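Student: build me a structure from this.
(one chain, ligands or ions: 1)
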Amino acid sequence: MPDVPTKHARIRTLEEYHDAYKRSIENPEQFWSEVAEPFTWRRKWDKVLDSDMAAGKNEWFSGARLNITENCLDRHLAARGNKLAIIYEPNDTKTRHLRLTYRELHQEVCKFANVLHNNGVEKGDRVCLYMPMIPQLAIAVLACARIGAVHSVVFAGFSATAIADRVNDAQATVVLTADGLNRGAKQIPVKRVVDEALENCPSVRRVIVVEHLGWPVQMKEGRDVWYHEEAEDVAKTCPAEEMDAEDPLFILYTSGSTGKPKGVVHSTAGYMVWTDYTFRNTFQVEENDIYWCTADIGWVTGHSYLLYGPLLAGATTLMFEGIPTYPDAGRFWEVIDKHSVSIFYTAPTAIRSLMAAPLDNVLSYSLDSLRVLGSVGEPINEEAWYWYHQHVGKERCPIVDTWWQTETAGIMISALAGITPSVPARAGLPLPGVLPVLLTQEGKEIEGNGEEGYLAIKNSWPGIIRTTYGDHERARQTYFAPYPGYYFTGDGARRDEEGLYRIIGRVDDVINVSGHRFGTAEIENAINQNANVVESAVVGYPHDVKGQGIYAYVICREGACDKDADKAHIEASIIETIVAEIGKIAKPDKIQIVSGLPKTRSGKIMRRILRKVAEGETSNLGDTTTLLDPGVVDEIIGGRK
Ligand code: WTA
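Tutor: Numbering: from 1, shown residues only. Take a look at the predicted model:
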């Protein structure tokens, strides 16, 4: 693209990839200073990199001053003012789509930023967003960044309790929401969910409500205001706040193997450089591309590759409010044809759910505009890869299987479309700047190809997690202490004979359900809130569409479920508890009521056994002699769902 003059910023051949990779590892400071050069800086950095991996301290471009929205918006106005920045495709096929040029988006962001300012939002304040996938969500996120407020987007599928946890952890003072949202045939009264959450959130003093569906909502006097009323007379320009390179840009909550979800913090300059660089190179974006990432902005993929990455690169990004199967399983393909989408980025779970529908749903669309396909969120199985390649990409479009995490901010291991190898079930080679290693459980590096181990990253990269909000020790313990000197990913991986990485899956107690992360402990805590539950243990098991399903073993209070009718009732009430504590997305697929759990004599639950039973591998349970009560295992096998 025109405003990236340095050869370092854009790789076009395999040779260039190898050259860039080598330079990025041998001299990261030189490499990244060249990549960072063309951005708009109010002040350049004093030092490119300051890293102490063992302490989990990483600073990039220290001393630099900037605002990321000047790079997403203002910088493009001269050459791309009339270019489309956002295409919005609504949930309902009868509602008209909407397009915003860079100039219009700039103006809308400025107006929203002024509304935030007028409502007392200042640099450093935390703003929580619980909104539908509508342009105002993108605008609101950028408006926060414009004035230096830290955005914390909560996916609008989480429950009131989950919102309250996140708002309280971040001590957010303002919440942005809408009257309601449509998702497929379902409707969610998001404002009402926010109202319920805020009963337990003393830090919040203002709620700004965007009118989307025209639903009646209750406005709390002194706390709630309508966006459209606040925006009536505000100025159409808003100066961008000058931020430090390491000022936090956002918090995004994600699940780990212990405790409550943690607020992953990303800072400004490194995040900007990393998302822009990885976006352009992975997808090999050209000026006229229409790019569509199907993720919700409530997840990191939506942050980095629906919003920031594409806008930083001056690309046209499509934002879709709906779901793949509404009104039918042809919706994705219809949208691709309608808007001539050339780069399409989605999740394996969506592909698998569409594979299950009659093939006509995809064959009746031309899909001629497509050039590059992407996958993210979980390992893509070979069957799904070939289906995507054959029926969507018509064997003409390279597939990039992008491995990364909320904590990495951007793509770490992936093919670069059409340049580095794209092999089914392999994420591929690392991006420049990323030095992956495989470790033994004891932390020894495993050399050579054809090997498997724990995936860790040996160096710092611009998008590395900076901290977990309000608790740096937690970040250090989780990511940097397990193997000092490395960032620990929590994933297991294999390096094949060609040196391509294949991601096997989590090696910790995290379950990946339809590309969404849940900690087993988090779901167990929710289940244990149910008055009839004494104890529970949750494991993941292979699921045809979701990748992993949630299997819950539950011990009930004595006398609570002696009869079969009681069991059905209790199962329903456990589901209700989870929906209230976390949200519908964490609903278990299977609940098995048991009288005991397999425990060692020291009281530790043997999850290995529970996992095997859930997987149906009951003939090979391994050593069960150390169990306190081996009889429990037979009961569990007998009652398997
Ligand atoms: C998994 C989503 C295999 C992995 C961007 C990781 C993947 C977790 C892939 C992060 C992929 C993501 N192949 N596994 N291409 N992409 N994962 O934080 O287990 O929601 O650790 O970030 O998803 O999930 P998160």
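
Student: CA atoms for contacts and neighbours, from now on please.
Tutor: OK.

Student: I'd guessed R396 sits against R371; true?
Tutor: Yes: judged on C-alpha atoms under 8 Å, R396 makes contact with R371 at a distance of 7.5 Å.

Student: need the pLDDT of N449.
Tutor: Here, the pLDDT recorded for N449 equals 97.

Student: report how many residues lie close to the closest residue to it other than its chain neighbours.
Tutor: Of all residues not flanking N449 in the chain, E497 sits nearest, at 5.0 Å (C-alpha to C-alpha, 6 or more residues apart in numbering). A count of neighbours around E497, defined by other C-alpha atoms under 10 Å, yields 11.

Student: you'd agree E497 is up against G428?
Tutor: No: E497 is not in contact with G428 according to C-alpha under 8 Å; the separation is 11.6 Å.

Student: state the distance from L198 to A160.
Tutor: Going from L198 to A160 by C-alpha to C-alpha, to the nearest Å gives 8 Å.

Student: next: Q136.
Tutor: For Q136, the distance to A160 equals 21 Å [C-alpha to C-alpha].

Student: more neighbours, L198 and A160?
Tutor: A160 (25 against 21).

Student: contacts only, for that one.
Tutor: Taking C-alpha atoms under 8 Å, 6 or more residues apart in numbering as the contact definition, A160 lies against V193, V194, E196, A197, A580, E581.

Student: quick one on the thing from earlier: more neighbours, R396 and R371?
Tutor: R371 (22 against 14).

Student: list the contacts for that one?
Tutor: Applying C-alpha under 8 Å, 6+ apart, we find R371 in contact with S342, I343, G393, R396, C397, P398.

Student: ok, now with 7 Å
Tutor: By C-alpha atoms under 7 Å, 6 or more residues apart in numbering, the contact set of R371 is S342, I343, C397.

Student: gap between it and I343?
Tutor: From R371 to I343 the distance is 6 Å (C-alpha to C-alpha).

Student: residues touching stretch 427-434, excluding its own?
Tutor: 20-21, 24-25, 28, 401-403, 412-415, 421-422, 457, 459, 461, 500-503.

Student: let's go with 8 Å and repeat that
Tutor: Contacts of stretch 427-434 (C-alpha under 8 Å, 6+ apart): 17, 20-22, 24-25, 28, 278, 400-403, 411-415, 420-422, 436, 457-461, 499-503.

Student: what about the residue lying closest to F332 once chain neighbours are set aside, how many neighbours?
Tutor: Distances taken as C-alpha to C-alpha, 6+ apart place P324 nearest to F332, at 5.7 Å, with adjacent residues excluded. Neighbourhood size, P324 [other C-alpha under 10 Å]: 19.

Student: pLDDT wise, what is P324 at?
Tutor: So, for P324, pLDDT stands at 97.

Student: what parts of the stretch 401-550 of the chain come near the ligand?
Tutor: Within the stretch 401-550 of the chain, the positions adjacent to the ligand are 401-406, 427, 491, 503, 505-506, 516-517 by C-alpha under 6 Å from any ligand atom.

Student: including distance to P542, neighbour count and secondary structure, could those residues go into JSON lines?
Tutor: JSON lines is the format used below for those (distance: C-alpha to C-alpha, whole Å; neighbours: other C-alpha atoms under 10 Å; DSSP: H, G, I helix; E, B strand; the rest coil):
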{"residue": "D401", "distance to P542": "20", "neighbour count": "34", "secondary structure": "strand"}
{"residue": "T402", "distance to P542": "21", "neighbour count": "27", "secondary structure": "strand"}
{"residue": "W403", "distance to P542": "19", "neighbour count": "24", "secondary structure": "strand"}
{"residue": "W404", "distance to P542": "21", "neighbour count": "20", "secondary structure": "coil"}
{"residue": "Q405", "distance to P542": "21", "neighbour count": "18", "secondary structure": "coil"}
{"residue": "T406", "distance to P542": "23", "neighbour count": "23", "secondary structure": "helix"}
{"residue": "A427", "distance to P542": "20", "neighbour count": "28", "secondary structure": "coil"}
{"residue": "D491", "distance to P542": "16", "neighbour count": "16", "secondary structure": "strand"}
{"residue": "I503", "distance to P542": "15", "neighbour count": "23", "secondary structure": "strand"}
{"residue": "G505", "distance to P542": "11", "neighbour count": "17", "secondary structure": "strand"}
{"residue": "R506", "distance to P542": "13", "neighbour count": "17", "secondary structure": "strand"}
{"residue": "H516", "distance to P542": "14", "neighbour count": "17", "secondary structure": "strand"}
{"residue": "R517", "distance to P542": "15", "neighbour count": "19", "secondary structure": "strand"}
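
Student: the stretch 351-500 of the chain: strands as residue ranges?
Tutor: Ranges of strands within the stretch 351-500 of the chain are 372-376, 399-402, 436-439, 451-457, 467-468, 487-495, based on DSSP state E, counting those that start in this stretch.

Student: out of these, which one sits most buried?
Tutor: Greatest average neighbour count among these goes to strand 399-402 (a mean of 30), per mean count of other C-alpha atoms under 10 Å.

Student: mean confidence for it?
Tutor: Computed over strand 399-402, the mean pLDDT rounds to 98.

Student: so what strands line up beside that strand?
Tutor: strand 372-376 (parallel) (DSSP bridges).

Student: is the ligand within reach of the strand it pairs with?
Tutor: Yes: applying C-alpha under 6 Å from any ligand atom, one finds strand 372-376 in contact with the ligand at V376.

Student: quick one: low-confidence parts of this structure?
Tutor: Scanning the chain for pLDDT under 70 picks out 1-8.

Student: how about the residues of it that lie near the ligand?
Tutor: Counting by C-alpha under 6 Å from any ligand atom, the residues of the chain near the ligand are 301, 376-379, 401-406, 427, 491, 503, 505-506, 516-517.
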